[in-house]
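Q: model the following, please.
(chains A and B)
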Amino acid sequence: MASETLALDAIDHRARPIGDRLHDWVVTVDHKKLGILYIIYGIVFLIIGGIEAAIIRIQLIVPHNHFVSPEVFNRMFTMHGTTMIFFVVMPILFGFGTYLIPLMIGARDMAFPRLNAFSFWLTAFGGLLLYYSFIGGNGLYGAGNAPDVGWFAYAPLTARAFSPGHSTDFWTLGLLVSGFGSIGTGVNFITTILCMRCPGMTLGKMPLLAWLNLIVGGMVIFAISPLTAAQIMLSIDRYLGGHFFDTQAGGSAVLWMHFFWIFGHPEVYILVVPAFAFVSEIVPVFSRKPIFGYPVMVAATVCIGFISFSVWAHHMFTVGMSSSGNTFFTVTTMIIAVPTGIKIFNWIGTMWGGKIQFSTPMLFCTAFLFQFLIAGLTGIMLGASPFNWQLGNSYFVIAHFHYVIVGGIVFAIFGAFYYWFPKMTGRMYSETLAKWHFWLFLIGFHLTFDFMHIPGILGMPRRIYTYEPGRGWEIWNLIVTIGVFFQALGILVFVFNLLRSLAKGEPAGSDPWDAWTLEWSTTSPPPEYNFAKIPVVRSRRPLWDIKHPEDPDWKYE
Amino acid sequence: MIDTKNKTKWGRTAGPIAGILILLAEVLLATSLCSGATGPAIPSIFKPESTPADKIYGLSLMVLAITGLIFVIVFGLIAYAATKFRRRSEDGPEPPQVYGSNQIELAWTVIPVLIVLVLFMATTRVIHAIQDARMPKGAVEVTAIGHQFWWEFRYPALGVVTANELHVPVSDPSHPTPTFLKLISADTDHSFWVPRLAGKTDLIPNRVNRMWIDPHEVGVYVGQCAQYCGMQHAKMLLRVYVDSPEQFDQWVQSETKPAQVSDAVNEGRRIFETTACINCHSISGSVADGRFGPDLTHLMSRDTIASGAAPNNSENLKMWIQDPDSIKPGSLMPAMKLNDHDLDALTAYLETLR
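A: I've put the predicted structure just below:
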């Protein structure tokens, strides 16, 4: 197959001066370098967002704590949410997509390499713009620094009357800029997947990762656009005398909510579908079986893609919609659980009858299955709108969506990280350290987010910088905060393992997992041109066909 | 030493077993501590004392039962697959390659659809029962206005205006006297949430929302603002006093009287009426008619000040007047910075406002 490399590689890039090599990374249009840049960028912001989370949790460890002031607390939860969604999870997922899609479909790069670079740098500068608010947010008014309006920035708190200075503008512009980057990436994913597949790879023979990212690309275009529009409208309100969301001049606060959540809910699926994609690639390889029900997995994801655009107002059950409005969004919200459930069942079906090897990627994916199950079930509770009137905006919701984003998406990302690390770097990570990372993070995750459901049930709302003693919330907040330290320790081990393995990990070889998709047919790390000879495929698992010529997949598909 | 063979076998099942044990322990711990968590001070949604809250509680039990059952089954399937199909040895042939099964796919599509149907119908009934309920004759009407960071309550039919502590009559099933709330906001978004009485409903500027409660038990119920509304969102606390009908009538009577006038505190009254106090606060029967802050006509009838942030006593009143940030940083009340003599006189005057 294409595991040979061209003589071109004889030029030793590592011998060049460091300035030149850094320059390469800045001007690169290579999808692999850009993918890695996205991932490194996301990990840096993961640490920053994690520190913000730790500040929040330390403040809440006991009632009436004075660790930080209310202003600082409000900035921390705003920055934590915005950072984690827009500058950690999205870049990392886009990074994996950018890195893997061309390799998995047997292409030499994305369809638009320069747009790819442009998208990355927009995302990167969007994040820097947001964080520049710590310095520039004071504006002429001396008010505030980092934004403190919450990550969904409900009107009219963002109006100039309630948010003087420039902190909100940094939030608006940061998301606007990175939003354009995301749309660029969405366009690039779609075009690449539709136009750049290698000979023989029909849509029905693509790896699931490519299919799922195709769907994500479509969702990005349709979901980010309303957010971008809303940010522009908000800026018009703030600087050009518009009244879209200015309630004191007849504007509508609920209009902002609709704009935000028609972005915000598909966004959840934009984040979780790539995580599904990782699990759909990792679980088969470590169970030694093909994915169970490939066409159903694709269909379920397409369903999720469509239905996710009809559930947004379940974030707004408490804003006083009519009973028919609440009923409609209850039913759409519950229906989306069906295709999601089908996916879980298919992963179990994939494991069933396999020979499961619990290497670190599979450990993370197994934890993903358990945790995503729980996240889905608490989602059903929240989807029952009357139950939501109690649970909405309480710590139960916080626990629920952290279960989705950390227990689901972040666990899948870690799984993907360990799975493709050998491919990206050419070196194996330390399995022992990786297991330490897994167990520490798992324990921390459960201490924090299992027990976080309970104060919500006991009436603790989100976004409060302190709380009254005697409401039964103390013990839970204490346990939740203790869990944070385990998670932090896990992340430290992860970063240490990453750096150590980069420097002195064992050589990985091109196919350490005995896997089946095209990225494993080229060297680790792949050469700039990916494949010396563009591969030709006949089934969904081209490497299986090569390794098992007596029993190839294409006979059955 | 440890027999390695046994160790690997143990290692194979230890993970799932430990997981299940930990989960059980968590559930036990949670339920024991939660059921221990009684008393009026704990605003648990599972201890409803009023009608929308108890309807929601009933629905939530059903939802919990169904999701709990799904959890047990699917969790069991994952744990079983992860234990049973672990790789036993390094080598050996690949397992049978199974690509899927349409019958199985159909089954695990249809069953969830049926479950969703059941959940949806049960939910719709509750939505309808709560949102489309008609206001009966004996209902008390209250307008709740959210402010940064306190609550204003106006009873238009009774002529009562108060703040932060809502009084409502207990409702007798044979003679229901529910309270219907009209929710509006003076500035940013807020949300009215007293978990033991009802689910939350937002107070949104330039919009009118409605909700109702029909409490069965006399008592004090705590809650707080549940929609982030600015710097002091945390201390926008809320107390609902469910009074017996007699207590409620008595309360209404005393609240509708004009403010007491006592010559002993004339000096404090003069200070109040000649400083910035009157720009924001009202005291009926005096020149003070500000609407930006809470009505103080019957200040001393309330147990707390600063929207529940501190008990209402003279020490806290003085602290609040001199430096509100010491109790509630970010409160919109300015620090009055009076001298000791004026502060004492003013506090003495406020303390006559029963």
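
Q: who's in contact with the closest residue in space to B:Trp150 that isn't next to it in sequence?
A: Once flanking residues are discounted, B:Trp150 sits nearest to B:Ser307: 4.0 Å by Cβ to Cβ, 6 or more residues apart in numbering or on different chains. Where C-beta positions appear, they are placed from N, C-alpha and C, glycine not excepted. Taking Cβ atoms under 8 Å, 6 or more residues apart in numbering or on different chains as the criterion, B:Ser307 is in contact with B:Phe149, B:Trp150, B:Trp151, B:Ala163, B:Asn164, B:Lys235, B:Met236, B:Leu237, B:Leu238, B:Lys328.

Q: among those, which lie within strands?
A: Among these, the members found in strands (DSSP state E) are B:Trp150, B:Trp151, B:Ala163, B:Leu237, B:Leu238.

Q: picking up where we left off before, for the residue nearest to B:Trp150, what are phi and psi?
A: phi 50, psi 50 (degrees, to the nearest 10).

Q: and the pLDDT at it?
A: The confidence metric pLDDT takes the value 95 at B:Ser307.

Q: check B:Val261 too.
A: pLDDT, B:Val261: 85.

Q: my guess is A:Gly137 contacts A:Val149. True?
A: No. Taking Cβ atoms under 8 Å as the definition, A:Gly137 is not a contact partner of A:Val149, at 11.6 Å.

Q: and for the two, which residues touch both?
A: With Cβ under 8 Å, 6+ apart, A:Gly137 and A:Val149 have common neighbours A:Ser167.

Q: now the helices for the stretch 201-350 of chain B?
A: Secondary structure of the stretch 201-350 of chain B (DSSP state H, counting those that start in this stretch): helices located at B:245-256, B:266-274, B:277-280, B:314-322, B:340-350.

Q: dump these to CSV, plus distance to A:Arg75, mean pLDDT and mean neighbour count.
A: Formatted as CSV, the helices of the stretch 201-350 of chain B follow (distance: least, Cβ to Cβ, whole Å; pLDDT from 0 to 100; neighbours: other Cβ atoms under 10 Å in any protein chain shown):
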stretch, distance to A:Arg75, mean pLDDT, mean neighbour count
helix B:245-256, 40, 95, 15
helix B:266-274, 37, 94, 17
helix B:277-280, 28, 94, 16
helix B:314-322, 26, 96, 17
helix B:340-350, 34, 95, 18
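
Q: now those helices in TSV, with distance to chain A?
A: Output for these, formatted as TSV (distance: least, Cβ to the nearest Cβ, whole Å):
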stretch	distance to chain A
helix B:245-256	24
helix B:266-274	28
helix B:277-280	17
helix B:314-322	15
helix B:340-350	24
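
Q: can you put those helices in CSV and add distance to A:Asn530?
A: Output for the helices of the stretch 201-350 of chain B, formatted as CSV (distance: least, Cβ to Cβ, whole Å):
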stretch, distance to A:Asn530
helix B:245-256, 77
helix B:266-274, 79
helix B:277-280, 69
helix B:314-322, 69
helix B:340-350, 78
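
Q: the residue nearest to B:Trp150 and chain A, how far apart?
A: 12 Å (Cβ to the nearest Cβ, to the nearest Å).

Q: can you check B:Val113 too?
A: For B:Val113 relative to chain A (Cβ to the nearest Cβ), the value is 6 Å.

Q: quick one: that residue and A:Val338 touch, right?
A: Yes. Shown here, B:Val113 and A:Val338 form a contact pair, counting by Cβ under 8 Å, at 5.8 Å.

Q: and the two? Which one has more around it.
A: A:Val338 (20 against 14; other Cβ atoms under 10 Å in any protein chain shown).

Q: just to be sure, that one is in a strand?
A: No. Counting by DSSP: H, G, I helix; E, B strand; the rest coil, A:Val338 is located in no strand; its state is helix.

Q: now do the contacts for it.
A: Counting by Cβ under 8 Å, 6+ apart, A:Val338 has contacts A:Cys303, B:Thr109, B:Pro112, B:Val113, B:Val116.

Q: how about those in CSV, adding secondary structure and distance to A:Pro527?
A: Compiled in CSV, the contacts of A:Val338 are given as follows (DSSP: H, G, I helix; E, B strand; the rest coil; distance: Cβ to Cβ, whole Å):
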residue, secondary structure, distance to A:Pro527
A:Cys303, helix, 39
B:Thr109, helix, 44
B:Pro112, helix, 46
B:Val113, helix, 49
B:Val116, helix, 50
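
Q: from these, pick the one nearest A:Thr522.
A: A:Cys303 (33.8 Å; Cβ to Cβ).

Q: taking the ones in strands among the contacts of B:Ser307, tell me the two that lie furthest apart.
A: Farthest pair in the ones in strands among the contacts of B:Ser307, by Cβ to Cβ: B:Ala163 and B:Leu237, 11.7 Å.

Q: which bits of the stretch 201-350 of chain A sit near chain B?
A: Within the stretch 201-350 of chain A, the positions near chain B by Cβ under 8 Å from any Cβ of the partner chain are A:247-248, A:250-254, A:287-290, A:292-296, A:318-320, A:322-323, A:326-327, A:330-331, A:334-335, A:337-338, A:341-342, A:344-346, A:348-349.

Q: rerun at 6 Å
A: A:247, A:253, A:288-290, A:292-293, A:296, A:318-320, A:323, A:326-327, A:330-331, A:334, A:338, A:341-342, A:345, A:348 (Cβ under 6 Å from any Cβ of the partner chain).

Q: quick check on those residues: which are buried?
A: Neighbour-count burial (16 or more other Cβ atoms under 10 Å in any protein chain shown) is assigned, among those, to A:247, A:253, A:288-290, A:292-293, A:296, A:318-320, A:326-327, A:330-331, A:334, A:338, A:341-342, A:345, A:348.

Q: would you mind measuring from whichever residue of the stretch 101-250 of chain A sits closest to chain B to A:Ala159?
A: Using Cβ to the nearest Cβ, A:Thr247 is the residue of the stretch 101-250 of chain A that sits closest to chain B, at 3.8 Å. Between A:Thr247 and A:Ala159 the distance, using Cβ to Cβ, to the nearest Å, works out to 8 Å.

Q: and if you look at A:Ala300?
A: A:Ala300 is 42 Å from A:Ala159, by Cβ to Cβ.

Q: counting neighbours, what do you get for B:Gly285?
A: A count of nearby residues for B:Gly285, using other Cβ under 10 Å, gives 11.

Q: number of nearby residues for the nearest residue to it once chain neighbours are set aside?
A: Take B:Gly285 and drop its neighbours on the chain: the residue closest to it by Cβ to Cβ, 6+ apart is B:Pro258, 3.7 Å away. Residues lying near B:Pro258 (other Cβ under 10 Å) number 11.
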